[in-house]
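*Asks:* The following comprises the amino acid sequence and a computationally predicted model.
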Amino acid sequence: MFNKKVGMLALVAGTGLMALAGCGPTGPVYDLTIYCPEQDNEVMATIIEKFKEAHPEYADLNIAVTANGGEGDIGNALQTDYKSQPDVVMIADDNLRTAAEASAILPIGDDREAAVLEQAGQAGLDAVSLETATAEMQAYGIPFRNDNGYALIYDSKKITDEQVKTMEGIAEACVTNHVDFFYPLANGWYTPTFLWAAGGEFSAEVIDGKVILSSNFDTPEVAAGAEAMSELFGEYGIETSDGGDGIVASDDSASIQEGFADGTVGACVLWNALENIRTAVGEDRADDIKVTVLPSLKINGVDKQMKTFLGYKAVSVNANVINETINWKLEEGEEAPDISREDLAWDFAEYLTSTESQKTLLDVRGYGPADISLRDDEKVTSNEFLMALQTMELAGNTVPQGANVTPNFWTPMENFGALIRDNAGTDHPWGSEYTTAAEAIAGMITSTTGWATGD
């Protein structure tokens, strides 16, 4: 949700994105337009100025943020009408396929792919690369963030460092200490943690001219993870934080912060909310709030390590730049430089994802960099949440979100998590429609365009 700034911001019809007013026919003429989250506007202005200093040939050009929105919202907007969207966009890796298959963003090209490999490693390049029905594997963005994951945050006065190692230990400690454990079971981004623990995997291939994204989630081995989570919720799950002590299937950040503050919440699995929670509990208790890797879940009697998605954010260039021009400010008789708007867009995209800019975003916004040379930066090593993600990544307990997870994936996962939440502990834990967890997973995923199940 965005704050409405009267006279400055207006909704772009049908997109849910925010566009800065004054860029119509009578407003300023822009030489390069940018899309980013609203909270990044100030740091983006700084980066634009530094870009102009590094590229004096662009010093007099009008380069500005003209639309605000989340990196996870831009894919559908580009698919719907990319010509109305900004030239350079900050985009989540799971939005890349939607935009690329609509021919709305440009591939970055071989030279930039080589640069990405050197800067962000193979994992970074894989996250922005995809195969479409009409093109072989290509990268469609330059990664600049690698922090889109989640970890376990807990009150060390309520739960010990040993108990946080297992889901069962956390749940039992919460009941014993009369506090709640918030686990976002029905949020599709968090739901697969126990499926990864059981060996869940993705794959993508082109069949008969169509890209088919698939998983092995409906195999008995992977479905066993769902059965284990259903059993855990059947024993410890509660509907709301007012209903007793146990596991609450929610990611309501306001309730979580209030609960930590008043001592009724002992733990949560959540994206980077550590500092907000510490602020909520106050300075005297801030050190009691800790973050660590995700716990294990007992599946068929064996402790299996749960895993987090680890997604990248990237910068992509709108395909429409090839149709746009630069309004050079020329003296009489002066010739315009031989630089296209596409050249300008790529130059800015490269600068925005440079080590220098990623360092700026780390220092100012706390964003985990994709640039592997910054992994040992003091701002990273002193950030407990980023270090928890890094620990999980190095241990092989993260799952690349990448371009082969699309927005179509989230709703089926959300619905599947809701089945467990609503039916755990009953005779029909998958609802009346399905007999087994595998059947429920297959029924939900195969009903979604572009997804299938099976090896």
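*Replies:* Sure, I can see it.

*Asks:* burial measure for the nearest residue in space to Arg375 that is not next to it in sequence, as a count.
*Replies:* Spatially, and ignoring its direct neighbours in sequence, Arg375 is nearest to Gln390 (7.0 Å; CB to CB, 6 or more residues apart in numbering). C-beta coordinates here come from the backbone N, C-alpha and C atoms, glycine included. When counting by other CB atoms under 10 Å, one arrives at 20 neighbours for Gln390.

*Asks:* Trp328 now?
*Replies:* Neighbours of Trp328 using other CB under 10 Å come to 14.

*Asks:* so how far is Glu335 from it?
*Replies:* 9 Å (CB to CB, to the nearest Å).

*Asks:* and Leu213, helix, strand or coil?
*Replies:* Under DSSP: H, G, I helix; E, B strand; the rest coil, Leu213 falls in the strand class.

*Asks:* Could you check the pLDDT of it?
*Replies:* For Leu213, the pLDDT comes out at 76.

*Asks:* How about the one 5 residues further on?
*Replies:* At Asp218, the pLDDT value in this model is 90.

*Asks:* and it, how many neighbours does it have?
*Replies:* 24.

*Asks:* Heading C-terminal from whatever helix or strand the residue nearest to Arg375 lives in, find the next helix or strand.
*Replies:* According to DSSP states H and E, Gln390 maps onto helix 384-394. Past helix 384-394, further along toward the C-terminus, the next helix or strand under DSSP H and E is strand 398-400.

*Asks:* Tell me the strands beside that following strand, with direction?
*Replies:* strand 308-317 (parallel) (DSSP bridges).

*Asks:* Dig out what the closest residue to Glu168 other than its chain neighbours forms beta bridges with.
*Replies:* In this structure, Glu168 finds its nearest non-sequential neighbour in Lys298, 6.0 Å apart by CB to CB, 6+ apart. Residues in a beta bridge with Lys298, per DSSP bridges, are Asp303.

*Asks:* SS state for Phe144?
*Replies:* strand.

*Asks:* By mean pLDDT, which helix or strand of the chain comes out lowest?
*Replies:* When the helices and strands of the chain are scored by mean pLDDT, DSSP states H and E, strand 9-11 comes last with a mean of 33.

*Asks:* for the stretch 51-200 of the chain, which spans come out with low pLDDT?
*Replies:* Across the stretch 51-200 of the chain, nothing is flagged by pLDDT under 70.

*Asks:* Start and end of stretch 98-111, how far apart?
*Replies:* Stretch 98-111 has its terminal residues 24 Å apart, counting by CA to CA, to the nearest Å.

*Asks:* What residues sit buried inside that stretch?
*Replies:* 98-102, 104-108 (16 or more other CB atoms under 10 Å).

*Asks:* coming back round to it: so what does the helix holding Gln390 touch, helix or strand wise?
*Replies:* Here helix 384-394 touches strand 142-148, strand 151-155, strand 289-292, strand 308-317, helix 378-381, going by 3 or more CB pairs under 8 Å, 6 or more residues apart in numbering; DSSP states H and E.

*Asks:* Export these as JSON lines, with columns for distance to Asp245 and mean neighbour count.
*Replies:* Converted to JSON lines, the helices and strands packed on helix 384-394 look like this (distance: least, CB to CB, whole Å; neighbours: other CB atoms under 10 Å):
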{"stretch": "strand 142-148", "distance to Asp245": "31", "mean neighbour count": "26"}
{"stretch": "strand 151-155", "distance to Asp245": "14", "mean neighbour count": "26"}
{"stretch": "strand 289-292", "distance to Asp245": "19", "mean neighbour count": "20"}
{"stretch": "strand 308-317", "distance to Asp245": "26", "mean neighbour count": "27"}
{"stretch": "helix 378-381", "distance to Asp245": "36", "mean neighbour count": "13"}
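
*Asks:* nearest to Glu205, of the ones you listed?
*Replies:* strand 308-317 (21.3 Å; CB to CB).

*Asks:* Give me the distance from the closest one to the chain's centre.
*Replies:* 6 Å (CA atoms, centre = their mean, to the nearest Å).

*Asks:* Quick check: buried residues in the helix or strand that it is followed by?
*Replies:* Going down the chain from strand 308-317, the next helix or strand is helix 341-352, by DSSP H and E. In terms of neighbour count (16+ other CB under 10 Å), helix 341-352 has its buried residues at 341-342, 344-352.

*Asks:* now do stretch 156-170
*Replies:* 156, 158-159, 163-170.

*Asks:* Alpha carbons only: can I get it in PDB?
*Replies:* The C-alpha trace of stretch 156-170 is given here as PDB (Å, rounded to 0.1, in the frame of the first residue of the first chain):
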ATOM      1  CA  SER A 156      15.200 -15.700  23.700                       C
ATOM      2  CA  LYS A 157      13.600 -15.200  27.100                       C
ATOM      3  CA  LYS A 158      10.700 -17.500  26.000                       C
ATOM      4  CA  ILE A 159      12.500 -20.000  23.700                       C
ATOM      5  CA  THR A 160      16.000 -21.300  24.100                       C
ATOM      6  CA  ASP A 161      18.600 -21.500  21.400                       C
ATOM      7  CA  GLU A 162      18.200 -25.200  21.400                       C
ATOM      8  CA  GLN A 163      14.500 -25.200  21.100                       C
ATOM      9  CA  VAL A 164      14.500 -23.000  18.100                       C
ATOM     10  CA  LYS A 165      16.200 -25.700  16.100                       C
ATOM     11  CA  THR A 166      13.000 -27.700  15.500                       C
ATOM     12  CA  MET A 167       9.400 -26.800  14.700                       C
ATOM     13  CA  GLU A 168       8.300 -29.200  17.500                       C
ATOM     14  CA  GLY A 169      10.600 -27.600  20.000                       C
ATOM     15  CA  ILE A 170       9.300 -24.100  19.200                       C
END
